[in-house]
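Colleague: Sharing a model that was predicted from the sequence below.
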Amino acid sequence: MDHALYVVQTPHEDNEDTLIHPDFTYKLSEAELVKFVRLRAANDALFTGKRNTSVIAWRAILKEMGIQRRMSTSQARKKWENLKKKYKEMKNPPPGVSINPTNWQWFSLMEDAMEGRLNDSEVLLSTSSIGDDGDYRPDKPRKRTRDPYHSEMELLVDGDDTALSGETAQDRADTSSERDDAEQERSLLDRAALETERLVMERERMVMDRERAGLERELASLDRERASLEREKAAVERDRASVEHERAQLEKERAQMDWDRARLERDRAALERDRAAPETRRRGSGNDGSRGTEHLADVDMEPASIERRQKFLDLFEKLIENF
């Protein structure tokens, strides 16, 4: 296999990301953010995943927007990743967390971008005329000393494929910057997730406190109703005992009345027997005749007394029945 040996100069050690002022971060306006998302969605084919294609594609987008000297490709990439992360969190929240996606103003825009509805929303860009590094130098460079001489390395070429024999300082800086950006972004997302979980737990705790207070009020109401029922039950028991006592008294009086009535019946029967005795018994002489007359007087007076006692017993019985 034939190989050609070439000696080439490596790119400048300082790329646009390292030249960005450490305290300067460009903030996109709403109109710029809409155009930023549309251009990224329409030119998704430029982001093939191959080495350095991402930087070139972002340069083309930033140049189309006219902000290539205010925002670096690293900042643009981070902005796009943050938008995607936010969209995924709003689209698929964690289990048990209720989120209204419409509360985020860029949800509809990102949903259109992620679902391919913005593929034809902007012009298709070309990476053939993105210019050189000088066109992407930021307006606020960070001062640093750099070697005026560039290192050289050997590049082996086999057909159309090229491979670098070593890792350049720019590659290491890019890798380190991307790793730091990823760590910082992960930390921010973790803090945001923890804050969201804390807010959800606070809302759930407030709901549980309200429900517990409601249950305690209902329990107190039930206790009051139970005490009222106990008092009513005691009153009913007292009334029942009083009624039982009065009933026992009436039973005793009724038994006494029955006994009196039986006695009256016996007296009446005895009177009837005395009336039916032979008349000769009332006749006699001497003292016997006077005693017979006295006995007859007693017999004649007793029916009146018996009648009065009978009327009294009848009235007393009616009184008991009415009671």
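Modeller: Received, thanks.

Colleague: When you work out contacts or count neighbours from here on, use the C-alpha atoms and nothing else.
Modeller: OK.

Colleague: Mind jotting down where the strands sit in the protein?
Modeller: Using DSSP state E, the strands of the chain run over residues 4-9, 152-158, 161-164.

Colleague: mean confidence score for the longest one?
Modeller: Here the mean pLDDT over strand 152-158 is 35, rounded to a whole number.

Colleague: how is this protein carved up into domains?
Modeller: 4-166, 212-322 (automatic domain parsing).

Colleague: Just say which of the ones you listed is most tucked in.
Modeller: Among the domains of the chain, domain 4-166 has the highest mean neighbour count (mean count of other Cα atoms under 10 Å), at a mean of 15.

Colleague: Break down the protein into its helices, ranges please.
Modeller: 16-19, 30-42, 53-65, 73-91, 107-114, 169-275, 286-322 (DSSP state H).

Colleague: quick check: angle from the fourth one to helix 53-65?
Modeller: Going back to what we said before, that points to helix 73-91. 90 degrees (axes from the mean of the first three to the mean of the last three Cα atoms, to 10 degrees).

Colleague: quick one on the thing from earlier: want to try JSON lines for the domains of the chain, with distance to residue 204 as columns?
Modeller: JSON lines is the format used below for the domains of the chain (distance: least, Cα to Cα, whole Å):
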{"stretch": "domain 4-166", "distance to residue 204": "11"}
{"stretch": "domain 212-322", "distance to residue 204": "12"}
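
Colleague: of all those, which lies closest to residue 202?
Modeller: domain 4-166 (12.2 Å; Cα to Cα).

Colleague: residue contacts, residue 135?
Modeller: Neighbour list for residue 135: 68-69 [criterion: Cα atoms under 8 Å, 6 or more residues apart in numbering].

Colleague: Kindly apply the preceding question to residue 58 instead.
Modeller: Residue 58 touches 73, 76-77, counting by Cα under 8 Å, 6+ apart.

Colleague: circling back: between the helices of the chain, which one is closest to residue 136.
Modeller: It is, among the helices of the chain and with distance given as Cα to Cα, helix 16-19, at 6.3 Å.

Colleague: low-confidence ranges in the stretch 151-300 of the chain?
Modeller: Low-confidence segments of the stretch 151-300 of the chain (pLDDT under 70): 151-178, 181, 278-300.

Colleague: ok so, going back, closest one to residue 128 among the helices of the chain?
Modeller: Among the helices of the chain, the nearest to residue 128 by Cα to Cα is helix 53-65 (9.1 Å).

Colleague: can you state the direction angle for the closest one and helix 30-42?
Modeller: 140 degrees.

Colleague: tell me the mean pLDDT over helix 53-65?
Modeller: On average, helix 53-65 scores 92.

Colleague: repeat for stretch 123-133
Modeller: 78.

Colleague: can you pull the alpha-carbon coordinates of that stretch into CSV?
Modeller: The C-alpha coordinates for stretch 123-133 follow below in CSV (Å, rounded to 0.1, in the frame of the first residue of the first chain):
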residue,chain,number,x,y,z
VAL,A,123,-32.3,28.3,4.1
LEU,A,124,-29.9,25.4,3.8
LEU,A,125,-26.4,26.6,4.6
SER,A,126,-23.1,25.7,3.0
THR,A,127,-19.9,25.2,4.9
SER,A,128,-17.7,26.0,1.9
SER,A,129,-17.7,29.7,2.5
ILE,A,130,-17.5,30.1,6.3
GLY,A,131,-14.2,32.0,6.1
ASP,A,132,-11.1,31.6,8.2
ASP,A,133,-10.5,31.8,11.9
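
Colleague: oh, and call the first residue 4 from now on, that's how I've got it
Modeller: With the count now opening at 4, the last piece we talked about shows up as stretch 126-136.

Colleague: Now tell me what touches that stretch from outside.
Modeller: Contacts of stretch 126-136 (Cα under 8 Å, 6+ apart): 18-19, 42, 45-46, 59-60, 62-64, 66.

Colleague: could those residues go into TSV alongside distance to residue 182?
Modeller: Below are these laid out as TSV (distance: Cα to Cα, whole Å):
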residue	distance to residue 182
18	17
19	17
42	26
45	27
46	25
59	20
60	20
62	20
63	24
64	23
66	25
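
Colleague: Looking at the residues you listed, which is nearest residue 109?
Modeller: residue 42 (15.2 Å).

Colleague: close enough to count as contact, the closest one and residue 63?
Modeller: No - counting by Cα atoms under 8 Å, residue 42 sits too far from residue 63 to count as a contact (9.6 Å).

Colleague: Find me the pLDDT at residue 151, would you?
Modeller: On the pLDDT scale, residue 151 is placed at 41.

Colleague: residue contacts, residue 79?
Modeller: Counted by Cα under 8 Å, 6+ apart, residue 79 has contacts residue 61.

Colleague: how close does it get to residue 279?
Modeller: 142 Å (Cα to Cα, to the nearest Å).

Colleague: And residue 204, by the same measure?
Modeller: Separation of residue 204 from residue 279 (Cα to Cα): 110 Å.

Colleague: ok, now residue 234?
Modeller: On the measure of Cα to Cα, residue 234 and residue 279 end up 67 Å apart.
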